[in-house]
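# could you work out the structure for the sequence below:
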Amino acid sequence: MNSSPNESDLNRIWNRICIWHLSRHLSRGTERTGPQKGSEAHRKRIETLWDAAPNTPEYDELEVLTALVEVYEEHHHPIYPPDSIEAILFRMEQLGLTRKKLEPFIGSRGRVSEVLSHRRCMSLAMIRKLHKGLGIPAEVLLAE
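Numbering: from 1, shown residues only. Now for the predicted structure:
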């Protein structure tokens, strides 16, 4: 049985090659082509293609452009995980908590101050209590 690729398969393969090529081009950070302006134009084009039906040339173009913009944004505007102390402070603000309210999770007033000022690392017990009591993801609290 001969399983040669059909036109749809070839289009998808070609799109992946284009994505790879364009991502390499953008990762070089060349300013000659103005990648930021190009990225903005891609976003506008994505908006016009957003409701494209699957298995159409417009849908294939949408896939390529979204992948291209994603690669550009990951390279030029990375999103770093939040700092554990910043996450605690943010959660305190959300819940209207004072430092005193953290004492059951962290310990004495002095210990709370040390932890929040980055002078003391949190223990595993503190992390567990903060995760359970305040609902802060453990991955965020464990991040360095």
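
# just name the shakiest helix or strand of the protein by mean pLDDT.
Counting by mean pLDDT, DSSP states H and E, the chain has its least confident helix or strand at helix 7-27, which shows a mean of 62.

# buried set for stretch 89-106?
Residues of stretch 89-106 classed as buried under the neighbour-count rule (16 or more other C-beta atoms under 10 Å) are Arg91, Met92, Leu102, Phe105, Ile106. In short, each C-beta sits where N, CA and C put it, glycine included.

# quick one, helices of this protein?
7-27, 35-49, 57-76, 84-95, 103-106, 109-116, 124-134, 138-142 (DSSP state H).

# looking at those helices, which has the lowest confidence?
In terms of mean pLDDT, the lowest-scoring of the helices of the chain is helix 7-27 (a mean of 62).

# could you chop this protein up by domain?
Annotated domains of the chain cover 7-76, 84-142 [automatic domain parsing].

# mind listing what the residue nearest to Pro81 when sequence neighbours are not counted touches?
In this structure, Pro81 finds its nearest non-sequential neighbour in Ala143, 5.2 Å apart by C-beta to C-beta, 6 or more residues apart in numbering. Listed by C-beta atoms under 8 Å, 6 or more residues apart in numbering, the contact partners of Ala143 are Pro81, Pro82, Asp83, Ser84.

# wait, doesn't the second one sit right on Val140?
Right, Pro82. Yes. With contact defined as C-beta atoms under 8 Å, Pro82 reaches Val140; the gap is 5.8 Å.
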